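**Q** coords please:
(one chain, ligands or ions: 1)
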Amino acid sequence: MSIQPVGQSFGRSVVGQKSVWIGTNWKMNKGPAEAVAAARALESFRPPPGVRSFVIPPFTSLRDVCSVLEDSALMVGAQNMHWKDSGAWTGEVSAPMIAECGASLVEIGHSERRQHFGETDWTVNLKVLAALRHGLRPLICIGDTLDEFEFGVSPETLARQTKIALNGVAQKDLGQVLIAYEPVWAIGSAGRPAEAAFVSEIHTRLRAVVREIAGESGVRIPLLYGGSVSQANIRDYVALPDVDGVFVGRAAWEPADFMKLVNSVSGLVSRKAAA
Ligand code: PGA
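**A** Down below sits the predicted model:
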């Protein structure tokens, strides 16, 4: 089974051939003026063939960024959502609201949300199901803490997070899902990038988990790595067989840096496709 893109169409990707995904989450940075300026800088950017790129602005900039990037090659996503469509949920934003802004993707379960805002595996699952109901591609973030890593139980944590996140997802919807492995200990300025060999081992195990859930189509669920990805290490990660892209924070916030990162994997895409 091949995965069809949802939302905007990406003519450069051959259907059935795996793409390389590179996206950035702006986190709580860039108010509307700065976000629009960044979007304008990215508007005419064309990623290399086979690369799909996305940016994830904060909610207050979402609609404006979607408008600027409407006819561009970039997808736009939101950083979080509530699982209900509407109601008395002060401070929350729903999937239909995100879709109405023009976004096609939504990040769910980032470790900063799990760590600081009480996000659980259960709420991640509710959000994944709601996103799919509204035609949004869920980008599910999973990650092990430093303790889990040091106790050697990262694979168990990641399997649990993945299985719960995908619980109840219809077979037909599995092709819309993206998963980002982001070790909590690798994220942010205090983090250290994971060793490529470790990422490779984890992604091979994750591939087995998604295949257990999704059958053969699990082969095509994009598995991204995130956590201190930079110009210095992006190719090491993207070259790994079960790594289908990277999810970047700080190193991609500046549009020029983002474009440079995306362009830097061009030679790898065809090599991966041929593998
Ligand atoms: P970082 O953030 O690249 O700044 O480490 C990654 C993330 O939080 O997704």
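
**Q** what mean pLDDT does stretch 143-162 have?
**A** On average, the pLDDT along stretch 143-162 is 98.

**Q** Where does pLDDT dip in the stretch 1-150 of the chain?
**A** Across the stretch 1-150 of the chain, the ranges flagged by pLDDT under 70 are 1-17.

**Q** what about the residue in it that the ligand sits nearest to, distance to Ser111?
**A** Distance from the ligand to each residue of the stretch 1-150 of the chain (CB to the nearest ligand atom) is smallest for Asn25, at 5.2 Å. To be clear about C-beta, it is placed using only N, CA and C from the backbone, and glycine gets the same treatment. According to CB to CB, to the nearest Å, Asn25 and Ser111 sit 11 Å apart.

**Q** the more surrounded of these two?
**A** Taking other CB atoms under 10 Å, Asn25 and Ser111 do not tie; Asn25 has more neighbours (25 against 22).

**Q** quick one: that one from Asp85, how far?
**A** 24 Å.

**Q** Show the contacting residues for Gly118.
**A** Contacts for Gly118 (CB atoms under 8 Å, 6 or more residues apart in numbering) come out as none.

**Q** Could you look up the SS state of it?
**A** Of the three states, Gly118 takes coil under DSSP: H, G, I helix; E, B strand; the rest coil.

**Q** Kindly report the same for Thr157.
**A** Counting by three-state DSSP, the backbone at Thr157 sits in helix.

**Q** What is the neighbour count of it?
**A** 19.

**Q** thought it was touching Asp147?
**A** No - judged on CB atoms under 8 Å, Thr157 makes no contact with Asp147 at a distance of 9.8 Å.

**Q** and Thr123, how far is that from Val209?
**A** 20 Å.

**Q** Which of these two has more residues huddled nearby?
**A** Val209 (21 against 17).

**Q** Which element, helix or strand, includes Ala256?
**A** Assessed by DSSP states H and E, Ala256 sits inside helix 255-263.

**Q** Is any residue of that helix near the ligand?
**A** No - counting by CB under 6 Å from any ligand atom, the ligand is not contacted by helix 255-263; separation bottoms out at 10.5 Å.

**Q** helices or strands up against that helix?
**A** strand 20-25, helix 32-42, strand 51-56, strand 245-248 (3 or more CB pairs under 8 Å, 6 or more residues apart in numbering; DSSP states H and E).

**Q** Can I get those in JSON lines including distance to Asp173?
**A** Formatted as JSON lines, those follow (distance: least, CB to CB, whole Å):
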{"stretch": "strand 20-25", "distance to Asp173": "18"}
{"stretch": "helix 32-42", "distance to Asp173": "29"}
{"stretch": "strand 51-56", "distance to Asp173": "18"}
{"stretch": "strand 245-248", "distance to Asp173": "20"}
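
**Q** pretty sure Val210 is touching Leu223, no?
**A** Yes - in this structure, Val210 is within contact of Leu223 by CB under 8 Å, at 7.4 Å.

**Q** okay, and the common contacts of those two?
**A** Jointly contacting Val210 and Leu223 under the rule CB under 8 Å, 6+ apart are Ile179.

**Q** contacting residues around the residue in the stretch 101-250 of the chain positioned nearest to the ligand?
**A** Nearest residue of the stretch 101-250 of the chain to the ligand: Gly249, at 2.4 Å (CB to the nearest ligand atom). By CB under 8 Å, 6+ apart, the residues touching Gly249 are 24-25, 27, 187-188, 226, 229.

**Q** Restricted to buried residues, select those residues in PyMOL.
**A** Selection of buried members from the contacts of Gly249 for PyMOL, criterion 16 or more other CB atoms under 10 Å:
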select buried, resi 24+25+27+187+226+229
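
**Q** thinking again about what came up before, OK, contacts around the residue of the stretch 1-150 of the chain closest to the ligand?
**A** If you count contacts by CB under 8 Å, 6+ apart, Asn25 has them with 56, 79, 107, 110, 247-249.

**Q** Who does it form a beta bridge with?
**A** Asn25 forms beta bridges with Ile56, as assigned by DSSP bridges.

**Q** just to revisit the earlier point, relative to Lys27, how far out is the residue of the stretch 101-250 of the chain closest to the ligand?
**A** With distances taken as CB to CB, Gly249 is found 6 Å from Lys27.

**Q** For the stretch 151-275 of the chain, what lies in contact range of the ligand?
**A** By CB under 6 Å from any ligand atom, the residues of the stretch 151-275 of the chain that approach the ligand are 182, 187-188, 191, 226-229, 247-251.
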